[in-house]
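Visitor: Sequence first, predicted coordinates after that:
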Amino acid sequence: MPRIAIIGGSGVYDPKLLQNVREEWVSTPYGKVRVKIGEYNGEEIAFLARHGEGHSVPPHKINYRANIWALHELGVERILSTSAVGSLNETMKPGDFVILDQLMDFTKTRHYTFYDGDESPHDRKFVAHVDFTDPYCPELRKALITAARELGFKYHPTGTYACMEGPRFETRAEIRALKILGADVVGMTQCPEAALARELEMCYASVAIVTNFAAGISREKLTHTEVVELMAQKSEEIKYLLMKSIKYIPEERRCGCKDALKGATGE
Ligand SMILES: O=P(O)(O)O[C@H]1O[C@H](CO)[C@@H](O)[C@H]1O
Ligand SMILES: Nc1nc2[nH]cnc2c(=O)[nH]1
């Protein structure tokens with residue numbers, strides 16, 4: 001049973017670091033999910049391509065609830081994810097790794113929770129308000145930071161991610177506003193993915209890879225081609241970062257993630 005999962009974002013479509021990979025279709029109350037399970041460092045790791053194998057699913061149409069539920073169903077406790085981002089912070093340059101520590105959600109049409117009361121399509125029919133002060137697991141963040149430092153990669157140990165609805169990129173004015181609000185990087189997929197993991201008391205962290213400067217900061221037109229091209233250039237480094245990070249993930253969970261529902265339901 002895999003304790004750890006990797007969710008690959010744009011440009012990260014197959015689990016290069018895993019051996020003996022098998023595919024499982026996991027049924028969930030929100031639909032079926034295709035998960036690959038393989039071995040690394042003597043243990044089972046699950047892998048899920050956020051946008052589907054051929055990047056066929058746009059950010060606003062990803063079935064985030066099915067994805068996170070499926071990993072929980074498999075017994076996953078810890079999720080590492082990648083996210084390709086634009087940078088609003090001149091110190092965070094294309095090719096840099098940012099170990100996210102904060103996020104702001106500007107998405108509009110997504111499904112944000114598993115806890116829909118009586119309408120929940122499962123037996124968790126209660127209301128829950130989880131704490132999300134620190135949306136990323138401190139233990140997973142530490143593992144990513146240690147690995148990035150040891151590998152000598154250009155990385156930033158903190159970063160605030162603004163999640164936009166997409167699928168279009170941002171206007172100059174939107175980026176100007178996000179910069180005033182304190183965002184360092186901008187993307188389209190961390191919300192509701194991170195919150196849904198917290199709702200199922202799973203640890204979650206994301207390494208953002210800067211693929212471009214954001215609209216109005218970049219002098220070039222923004223393209224998804226540029227995003228995928230830069231991610232392809234970084235694919236080896238991303239693989240090594242994930243491999244080394246996994247080795248630093250403690251067996252025992254001492255973070256608050258595992259108790260996220262305590263006090264959240266009012267009981
Ligand atoms: O966040 P990931 O899945 O890496 O994808 C990023 O890349 C796409 C834009 O090129 C958007 O989907 C954005 O969120
Ligand atoms: N929203 C958004 N997502 C991205 N992913 C990679 N670059 C960008 C960007 O500039 N904006």
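Guide: Now that the structure is in, tell me what you want to look at. Numbering: from 1, shown residues only. Ligands and ions are numbered 1, 2, ... in the order given.

Visitor: and the closest residue to ligand 1 within the stretch 1-150 of the chain, what is it in contact with?
Guide: For the stretch 1-150 of the chain and ligand 1, the shortest gap (CB to the nearest ligand atom) falls at G9, measuring 2.5 Å. Where C-beta positions appear, they are placed from N, C-alpha and C, glycine not excepted. Contacts for G9 (CB atoms under 8 Å, 6 or more residues apart in numbering) come out as 50-51, 81-84, 189.

Visitor: any chance of those in JSON lines, with distance to ligand 2, neighbour count and secondary structure too?
Guide: Compiled in JSON lines, the contacts of G9 are given as follows (distance: CB to the nearest ligand atom, whole Å; neighbours: other CB atoms under 10 Å; DSSP: H, G, I helix; E, B strand; the rest coil):
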{"residue": "R50", "distance to ligand 2": "12", "neighbour count": "21", "secondary structure": "coil"}
{"residue": "H51", "distance to ligand 2": "12", "neighbour count": "19", "secondary structure": "coil"}
{"residue": "S81", "distance to ligand 2": "14", "neighbour count": "25", "secondary structure": "strand"}
{"residue": "T82", "distance to ligand 2": "11", "neighbour count": "25", "secondary structure": "strand"}
{"residue": "S83", "distance to ligand 2": "8", "neighbour count": "27", "secondary structure": "strand"}
{"residue": "A84", "distance to ligand 2": "4", "neighbour count": "24", "secondary structure": "strand"}
{"residue": "T189", "distance to ligand 2": "8", "neighbour count": "28", "secondary structure": "coil"}
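
Visitor: Also within reach of ligand 1: list those from those.
Guide: With the criterion set as CB under 6 Å from any ligand atom, the members of those near ligand 1 are 50-51, 83-84, 189.

Visitor: R219: which of these is nearest?
Guide: Checking these against R219 by CB to CB gives A84 as the nearest, at 19.6 Å.

Visitor: and the closest one, what are its bridge partners?
Guide: Per DSSP bridges, residues listed as beta-bridge partners of A84: I209.

Visitor: Can you give me the distance of it to A260?
Guide: Distance, A84 to A260, by CB to CB, to the nearest Å: 27 Å.

Visitor: likewise E53?
Guide: The spacing between E53 and A260, counted by CB to CB, is 31 Å.

Visitor: While we're on the spatially most central residue of the chain, how confident is the model there?
Guide: Centroid check for the chain by CA atoms, centre = their mean gives S81 as the closest residue, at 3.9 Å. pLDDT recorded at S81 is 98.

Visitor: Please enumerate the strands of the stretch 101-250 of the chain.
Guide: Assigned by DSSP state E, counting those that start in this stretch, the strands in the stretch 101-250 of the chain fall at 102-106, 155-156, 160-164, 185-187, 203-213.

Visitor: Reformat the ones you listed as CSV; add mean pLDDT.
Guide: Shown next, in CSV, are the strands of the stretch 101-250 of the chain (pLDDT from 0 to 100):
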stretch, mean pLDDT
strand 102-106, 98
strand 155-156, 98
strand 160-164, 99
strand 185-187, 98
strand 203-213, 98
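
Visitor: phi, psi of A5?
Guide: Backbone geometry at A5, expressed as degrees, to the nearest 10, gives phi -130, psi 150.

Visitor: isn't it right up against A49?
Guide: No - using CB atoms under 8 Å as the test, A5 is too far from A49 to be in contact (11.7 Å).

Visitor: what about these two, which has more around it?
Guide: A count of neighbours by other CB atoms under 10 Å puts A5 above the other of A5 and A49, at 29 against 23.

Visitor: ok, that one - contacts?
Guide: Contacts of A5 (CB under 8 Å, 6+ apart): 35, 45-48, 71, 74, 76, 78-80.

Visitor: which of E53 and A260 has more neighbours?
Guide: A260 (20 against 12).

Visitor: Flag every residue of the protein that's near ligand 1.
Guide: For the chain, the contact set with ligand 1 under CB under 6 Å from any ligand atom comprises 9-10, 50-51, 59, 83-84, 166, 187-189, 224, 227.

Visitor: Closest to P138 out of the residues you listed?
Guide: For the residues of the chain next to ligand 1, the nearest to P138 is S83 (18.5 Å; CB to CB).
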